[in-house]
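this one's sequence-less:
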C-alpha cells in the first residue's frame, strides 16, 4: 500500500507538474500568437510608412522641379524688368534732353522774334517818316557795329527760314 500511495503521490506530483507545464505552454503559445499578430500589424504599418515615404519623395521631387521652374521664371521676369527699367530710364533721359533742347530753341526763337520785332518797328517807323516826307535821316544812327548788324541780319534770315519751315 505504501508503494501505491507513493506512486499515487508521485503520479499526482507528476500530473501537477505536467499540468503546470501544459499551462505554461498554453500561455507561451498565446503570447507567441499575440506577438505574431502584433508583428504582422507592425509590418503592415512599416509597409504603409514605406509607401508614404516613397510618395512623399516623389511629391518632393515634383515640387522641387516646379520650384526651380518658378525660380527660373522669376529670374527671367526680374531680368526683363531690369532691362525695361533701364530702357525706360534712357527714354526719360532722352525726353528730358529733348525738352531742354526744345526749351532752349524756343527761348532762342523768342529772342529772335523780339529782335525781329524791334527791327520791324524801326523799319515801320522809317517808312512812316518817309511817307510823311521826312527825308532827313535821324540825328542818331544806330549804335550797332558792322559785325552786330551782320549778326542781326543772319538772325533775321534764319528766323524767316524758321517761320517758313513752320508753315
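On my side now, so go ahead. Just so it is clear, the structure is predicted and the values come from calculations on it, not from any experiment.

name the element residue 48 belongs to?
Using DSSP states H and E, residue 48 maps to helix 2-132.

elements contacting that helix?
helix 146-166 (3 or more CB pairs under 8 Å, 6 or more residues apart in numbering; DSSP states H and E). Using the backbone N, CA and C atoms, a C-beta is placed for each residue, glycine as well.

output the below-cut-off pLDDT ranges for the protein.
Residue ranges of the chain with pLDDT under 70: 1-6, 135-144, 160-167.

at the geometric centre of it, which residue do we find?
residue 78 (4.1 Å; CA atoms, centre = their mean).

tell me how far that one lies from residue 63.
22 Å (CB to CB, to the nearest Å).

over to residue 108?
With CB to CB as the criterion, residue 108 and residue 63 are 66 Å apart.

out of these two, which sits in the busier spot?
Neighbours were counted for residue 108 and for residue 63 using other CB atoms under 10 Å; residue 108 has more, 14 against 10.

how about the contacts made by that one?
Residues near residue 108 by CB atoms under 8 Å, 6 or more residues apart in numbering: none.

do the same with the one 10 residues further on
Contacts of residue 118 were listed using CB under 8 Å, 6+ apart, and none were found.

ok so, going back, quick one: distance of the helix holding residue 48 to the chain centre.
Relative to the chain's own centre, helix 2-132 is displaced by 15 Å; criterion: CA atoms, centre = their mean, to the nearest Å.

what number of residues lie near residue 116?
16.

roughly how far apart are it and residue 104?
18 Å.

got it, and residue 11?
134 Å.

kindly report the same for residue 149.
Computed with CB to CB, the distance linking residue 149 and residue 104 is 25 Å.

same check, this time on residue 112
Distance from residue 112 to residue 104, by CB to CB: 12 Å.

who has more neighbours out of the two?
Shown here are residue 112 and residue 104; by other CB under 10 Å, residue 112 has more neighbours (18 against 10).

nearest residue to that one in space, please, no chain neighbours.
In space, residue 112 comes closest to residue 159 once its chain neighbours are excluded; the distance is 4.6 Å by CB to CB, 6 or more residues apart in numbering.
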